[in-house]
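1. dropping the sequence and predicted coords here.
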Amino acid sequence: MRTSPTTTGDARTAQDGAHLLLVDDDADLLRLLSMRLRASGYRVSTAESAESALACLAVERFSLVLSDVRLPDRDGLLLFEEIRQTWPALPVILLTAHGTIPDAVEATSRGVFGYLTKPFDSKALLGKIAQALQIGGTPHASCEERKAATGWRDGIISHSSRMATVLDEAQLVAASDASVLIRGDSGTGKELLARAIHEASPRAACPFIAINCGAIPEQLLESELFGHMKGAFTGAASAHTGLFQAADGGTVFLDEIGDMPLALQVKLLRVLQERAVRPVGASRALAIDVRILSATHRDLEAALVAGTFREDLFYRLNVVCLNLPTLDERREDIPLLANHFLRGLARKYQKRLRGFAPEALEALTTAAWPGNIRQLQNVVEQASALATTPLIPLALVERALRGPSIEALSYAEAKLRFERNYLIQLLKLTDGNVSDAARLADRNRTEFYRLLQRHSLTPSLFRSDSADVARERQQEFH
């Protein structure tokens, strides 16, 4: 990936603009397009191949991709298909010197936002980019405006590109009233994401009510959801307002929907179809206005086959599906999350806790996390409760983990098809330090560089020192 330097006069404009990724093997065209787009206020990064573009997307967050159709290692449409699989909300515009009307029709029918033929008019290109960003929800915004616009997701701590993609999709779907099914392993933060969607929606001023369908006995769940009348059953000494009525105008979050009994699935389906609930013992239904968000860690498709989950309810709930990554898939967030939890615990226990010893933080980042974020929070709390020094030592982290940390897998142990993601993860963990990454992968520097070159990965992309990155990228460009 190459990023040409931004002039001092353009710095403020480029910083405030959307981030575009240009993909073309013509270095002169990349230079010319970069200059024009930066002059219009955009931040621009460039890649000369599809593999390099995918590596850039894995590291940084982009607002739009502008790609040539003919690339040295892949067709532009194939690159688009790969982008759509991982970043479905990211708009892509294709450029070609050999375009035909059938080509353009095919590209747009497959979901490409725009298709322009070279040579193209600069105004037409800028207009198409602005249109794509406006529809995609990422128009020009100042730093202050962007900061204010992220208040809806304040409870979600992350700088992972995987999570950024999920959050982009969540913000897009929040504006609608579509039902959303959130999938993810236990402890990945499904309720946090559901609450964030509610906060970003037009219903934010109304209640958000969550219920765990697997934590309430079947005989009580119907009453909790839909309410009951006085005397409806033994023990019903007074009328009870159900959660659907209590959330009127707002959002109901049904956690662990896969655990809902079949009999209640039928009643829930009726509520979704009729937009009304009938409390237990009532003679008439009451109209409600709620949005349904649901979540599960179960394989609902397998439940459909087994007959334990209704197909018609599945399609009602699964209008939009969001998939939360595991903590193992966003390891770059572990130090961020661990220190976030530590600050809160320092206040809770009134202790002077400043952070983790380097070897303790390395143990956290290389450990296995089957319990995901919930497990990490528990480990940090255990270590904090026993800490007697401002820095949490390795011994307390290992004790909380119930054994020595699991070292990062060597490259030889990683499956070939995960090679690229494995290398990206190592570079993220080591802040782009090739020596440290090679040590973790159990490879010498020369061999490790060959592996990086095979996947068009540039270590400087992963470094947090922006000044050094800018200097290195400038040298690469020239």
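-> Happy to help now that I have it.

2. so what strands line up beside the helix or strand harbouring S67?
-> The secondary structure element spanning S67 is strand 64-68 (assigned by DSSP states H and E). For strand 64-68, the paired strands and their directions (DSSP bridges) are strand 19-23 (parallel), strand 92-96 (parallel).

3. and the last one, which residues are buried?
-> The neighbour-count check on strand 92-96 (16 or more other C-beta atoms under 10 Å) flags V92, I93, L94, L95, T96 as buried. For the C-beta atoms, the positions are set from N, CA and C on the backbone; glycine is no exception.

4. distance from that strand to the middle of the chain?
-> Remark: strand 92-96 is offset 25 Å from the chain centroid, using C-alpha atoms, centre = their mean, to the nearest Å.

5. convert it to PDB, retaining C-alpha atoms only.
-> Provided in PDB are the C-alpha atoms of strand 92-96 (Å, rounded to 0.1, in the frame of the first residue of the first chain):
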ATOM      1  CA  VAL A  92     -17.200   0.200  -4.600                       C
ATOM      2  CA  ILE A  93     -16.800   2.100  -7.900                       C
ATOM      3  CA  LEU A  94     -15.100   0.400 -10.800                       C
ATOM      4  CA  LEU A  95     -13.000   2.100 -13.500                       C
ATOM      5  CA  THR A  96     -12.100   0.500 -16.800                       C
END
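
6. what lies in contact with it?
-> The set of residues that contact strand 92-96 without belonging to it, under C-beta atoms under 8 Å, 6 or more residues apart in numbering, is 24, 64-70, 76-77, 80, 83-84, 103, 107, 112-118, 120, 128-129, 132.

7. mind checking which of these are buried?
-> Once neighbours are counted (16+ other C-beta under 10 Å), the buried part of these comes down to 24, 64-69, 76-77, 80, 83, 103, 107, 112-116, 128-129, 132.

8. and these, which of them are in strands?
-> For the buried ones among the contacts of strand 92-96, the ones inside strands are L64, V65, L66, S67, D68, G114, Y115, L116, with DSSP state E as the criterion.

9. closest to E51 among the residues you listed?
-> If you rank these by distance to E51 using C-beta to C-beta, S67 comes first, at 12.6 Å.

10. what's the closest non-adjacent residue to that closest one?
-> If you skip the residues right next to it in sequence, S67 has V23 as its closest partner in space, 3.9 Å away by C-beta to C-beta, 6 or more residues apart in numbering.

11. please name the bridge partners of the one you found.
-> As for beta bridges, V23 partners with A47, S67 under DSSP bridges.

12. just to revisit the earlier point, can I get the buried residues of strand 92-96 in CSV with pLDDT and distance to C56?
-> Listed next are the buried residues of strand 92-96 as CSV, based on pLDDT from 0 to 100; distance: C-beta to C-beta, whole Å:
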residue, pLDDT, distance to C56
V92, 89, 14
I93, 90, 16
L94, 88, 17
L95, 85, 17
T96, 80, 21
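
13. report the two of those residues separated the most.
-> Maximum pairwise distance in these, criterion C-beta to C-beta, is 13.0 Å, between V92 and T96.

14. read off the pLDDT value for L345.
-> Model confidence at L345, given as pLDDT, is 92.

15. relative to S201, how far out is the residue nearest to S67?
-> Between V23 and S201 the distance, using C-beta to C-beta, to the nearest Å, works out to 34 Å.

16. these two: who's more crowded?
-> A direct count of neighbours by other C-beta atoms under 10 Å for V23 and S201 places V23 higher, at 28 against 23.

17. let's have the strands paired with strand 64-68 in JSON lines, adding distance to M260.
-> JSON lines is the format used below for these (distance: least, C-beta to C-beta, whole Å):
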{"stretch": "strand 19-23", "distance to M260": "42"}
{"stretch": "strand 92-96", "distance to M260": "39"}
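
18. of the ones you listed, which is nearest Q382?
-> Between Q382 and the strands paired with strand 64-68, the tightest spacing by C-beta to C-beta is seen for strand 19-23, at 39.7 Å.

19. with only the CA atoms kept, save the helix or strand following that closest one in PDB.
-> Tracing the chain C-terminally past strand 19-23 and defining elements by DSSP H and E, one meets helix 27-39 next. These are the backbone C-alpha positions of helix 27-39, laid out as PDB (Å, rounded to 0.1, in the frame of the first residue of the first chain):
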ATOM      1  CA  ALA A  27       1.300   4.300 -10.700                       C
ATOM      2  CA  ASP A  28       0.900   7.500 -12.800                       C
ATOM      3  CA  LEU A  29      -2.900   7.200 -12.600                       C
ATOM      4  CA  LEU A  30      -2.800   6.600  -8.900                       C
ATOM      5  CA  ARG A  31      -0.600   9.700  -8.400                       C
ATOM      6  CA  LEU A  32      -2.900  11.900 -10.500                       C
ATOM      7  CA  LEU A  33      -6.200  10.600  -8.900                       C
ATOM      8  CA  SER A  34      -4.700  10.900  -5.400                       C
ATOM      9  CA  MET A  35      -3.800  14.600  -6.000                       C
ATOM     10  CA  ARG A  36      -7.300  15.400  -7.400                       C
ATOM     11  CA  LEU A  37      -9.100  13.600  -4.600                       C
ATOM     12  CA  ARG A  38      -7.000  15.100  -1.800                       C
ATOM     13  CA  ALA A  39      -7.600  18.600  -3.400                       C
END
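
20. helix 27-39 to strand 92-96, inter-axis angle?
-> 140 degrees (axes from the mean of the first three to the mean of the last three C-alpha atoms, to 10 degrees).

21. check which helices and strands helix 27-39 sits against.
-> strand 19-23, strand 43-47, helix 122-135 (3 or more C-beta pairs under 8 Å, 6 or more residues apart in numbering; DSSP states H and E).

22. for the last one, name the packing helices and strands.
-> Contact analysis of helix 122-135 by 3+ C-beta pairs under 8 Å, 6+ apart lists helix 27-39, strand 64-68, strand 92-96, strand 114-117 as its packing neighbours.

23. strands of this protein, start to end?
-> Along the chain, the stretches classed as strands by DSSP E are 19-23, 43-47, 64-68, 92-96, 114-117, 180-183, 208-212, 251-255, 276-277, 286-287, 291-296, 320-323, 355-356, 391-392.

24. export the ones you listed to a markdown table and tack on distance to K428?
-> Formatted as a markdown table, the strands of the chain follow (distance: least, C-beta to C-beta, whole Å):
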| stretch | distance to K428 |
| --- | --- |
| strand 19-23 | 18 |
| strand 43-47 | 17 |
| strand 64-68 | 21 |
| strand 92-96 | 25 |
| strand 114-117 | 32 |
| strand 180-183 | 24 |
| strand 208-212 | 32 |
| strand 251-255 | 30 |
| strand 276-277 | 47 |
| strand 286-287 | 50 |
| strand 291-296 | 27 |
| strand 320-323 | 20 |
| strand 355-356 | 18 |
| strand 391-392 | 22 |
